[in-house]
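Asker: Would you be able to build a 3D model of this:
(2 chains)
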2 protein chains.
Amino acid sequence: MVIASALGAWSGNLERAGKLFAGVSAEELQKQVAPGKNRLIYLWGHLAAVNDRMVELLGLGERTHPEFDAVFLSSPDGAAEMPPPEELQGWWTEVNKKLSDGFATLSPGGWLQKHNAVSEEDFAQNPLRNRLAVLLSRTNHLSYHLGQIVLAS
Amino acid sequence: MVIASALGAWSGNLERAGKLFAGVSAEELQKQVAPGKNRLIYLWGHLAAVNDRMVELLGLGERTHPEFDAVFLSSPDGAAEMPPPEELQGWWTEVNKKLSDGFATLSPGGWLQKHNAVSEEDFAQNPLRNRLAVLLSRTNHLSYHLGQIVLAS
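Answerer: Got it, this is the predicted structure:
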């Protein structure tokens, strides 16, 4: 029941973000959310990269574009060239399908198992470091950037 | 365990927002998060009003300033006069203490009981309309506006 709520919040946010990005032109994707702040295209790639990492973090398969971490996670906007919007759209669709397919395989107990960035020892000490905590945290992260995206779209 | 994760996310966000608002001057509170968008002071009141409603929605006590709904929930920024920052700070502190005191009284089962804006009949049909779902949704709402607040602070 709790997991259904958490998944509902995640997919609602994800759908909203996806529609916002898909609904703007390549030119509009160059808009900054506020003067001097990230462009929409960067935030799209940033969210796709975070989702790509989630696939591995939650043990749901292989990542799609780990090479984009350097562009969208470890570099600020403006430091690297952006891939074309079509490539971002394809990545976004593919990685989110991997996530939703993977989520469908997890039992309630599976959500309470450790995620892949915590050791068995650390997890024994802090069982809150589970898959569900990752989902909640990434849902919040998505909301955080959604609040910014709507300012420019 | 799940509830502890959800409460951790809520209180982490709340603390971050509180620090951001308390850390800016009365003048800076007049800044818009992006050109033509909400001012920080409006968002502070907006988040306080949402939290104030949560007290009642979750059955944790009486509201503090229901009269501010007209200013921060049903009116956009610019439509009504803002209370002074000291009053917002007092309200914010008071209402968030009511929430945290109330949360401490809820058992895990209590989190899965219906919230006060759903009828017994509707809850029987959709048991996801529980207190925990409110907490998750309000945590996301807080993240959404946090993403905006940081643009101006």
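
Asker: only C-alpha atoms for contact and neighbour calcs from this point on.
Answerer: OK.

Asker: Grab the most central residue of chain A for me.
Answerer: Nearest to the geometric centre of chain A sits A:N51, at 3.1 Å (Cα atoms, centre = their mean).

Asker: element containing that residue, please.
Answerer: helix A:40-57 (DSSP states H and E).

Asker: hmm, that helix touching chain B?
Answerer: No: judged by Cα under 8 Å from any Cα of the partner chain, helix A:40-57 stays clear of chain B, getting no closer than 12.0 Å.

Asker: Can you name the next helix or strand after that helix?
Answerer: Taking DSSP H and E as the definition, the helix or strand right after helix A:40-57 is helix A:69-72.

Asker: hmm, who's touching that next one?
Answerer: With contact meaning Cα atoms under 8 Å, 6 or more residues apart in numbering or on different chains, helix A:69-72 is reached by A:Y42, A:L43, A:G45, A:H46, A:A49, A:A79, A:A80, A:E81, A:M82.

Asker: if you set the cut-off to 10 Å instead, what comes out?
Answerer: By Cα atoms under 10 Å, 6 or more residues apart in numbering or on different chains, the residues outside helix A:69-72 that reach it are A:41-50, A:52-53, A:75-83.

Asker: pLDDT value on the residue lying closest to A:W44 once chain neighbours are set aside, please?
Answerer: Using Cα to Cα, 6 or more residues apart in numbering or on different chains and skipping residues adjacent in sequence, the residue nearest A:W44 is A:F21, 6.9 Å away. Looking at A:F21, its pLDDT is 97.

Asker: Can you say which helix or strand has A:F21 in it?
Answerer: Per DSSP H and E: helix A:2-22 holds A:F21.

Asker: What helices and strands are in contact with that helix?
Answerer: helix A:40-57, helix A:85-105, helix A:108-111, helix A:131-152, helix B:2-22, helix B:131-152 (3 or more Cα pairs under 10 Å, 6 or more residues apart in numbering or on different chains; DSSP states H and E).

Asker: let's see it at 6 Å
Answerer: Counting by 3 or more Cα pairs under 6 Å, 6 or more residues apart in numbering or on different chains; DSSP states H and E, no packing neighbours are recorded for helix A:2-22 among the helices and strands.

Asker: Just the CA atoms of it, as CSV, please.
Answerer: Provided in CSV are the C-alpha atoms of helix A:2-22 (Å, rounded to 0.1, in the frame of the first residue of the first chain):
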residue,chain,number,x,y,z
VAL,A,2,2.8,2.3,1.0
ILE,A,3,4.8,1.3,-2.1
ALA,A,4,1.8,1.9,-4.3
SER,A,5,1.6,5.5,-3.0
ALA,A,6,5.3,6.0,-3.5
LEU,A,7,5.2,4.6,-7.0
GLY,A,8,2.2,6.7,-7.8
ALA,A,9,4.1,9.9,-6.8
TRP,A,10,7.1,8.8,-8.8
SER,A,11,5.3,8.0,-12.0
GLY,A,12,3.1,11.1,-11.7
ASN,A,13,6.2,13.3,-11.5
LEU,A,14,8.0,11.5,-14.2
GLU,A,15,5.1,11.8,-16.6
ARG,A,16,4.7,15.5,-15.9
ALA,A,17,8.4,16.1,-16.5
GLY,A,18,8.4,14.0,-19.7
LYS,A,19,5.4,16.0,-21.1
LEU,A,20,7.1,19.3,-20.3
PHE,A,21,10.3,18.4,-22.1
ALA,A,22,8.6,16.8,-25.0
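
Asker: That one: which residues count as buried?
Answerer: For helix A:2-22, a neighbour-count test (16 or more other Cα atoms under 10 Å in any protein chain shown) marks A:2-3, A:5-10, A:13-14, A:17-18, A:20-21 as buried.

Asker: Repeat that for stretch A:65-77.
Answerer: A:F68, A:D69, A:V71, A:F72, A:D77.

Asker: that older thread, show me the contact partners of the helix holding A:N51.
Answerer: Residues from elsewhere that reach helix A:40-57 (Cα atoms under 6 Å, 6 or more residues apart in numbering or on different chains): A:L29, A:K31, A:G61, A:R63, A:F72, A:W92, A:V95, A:H115, A:N116.
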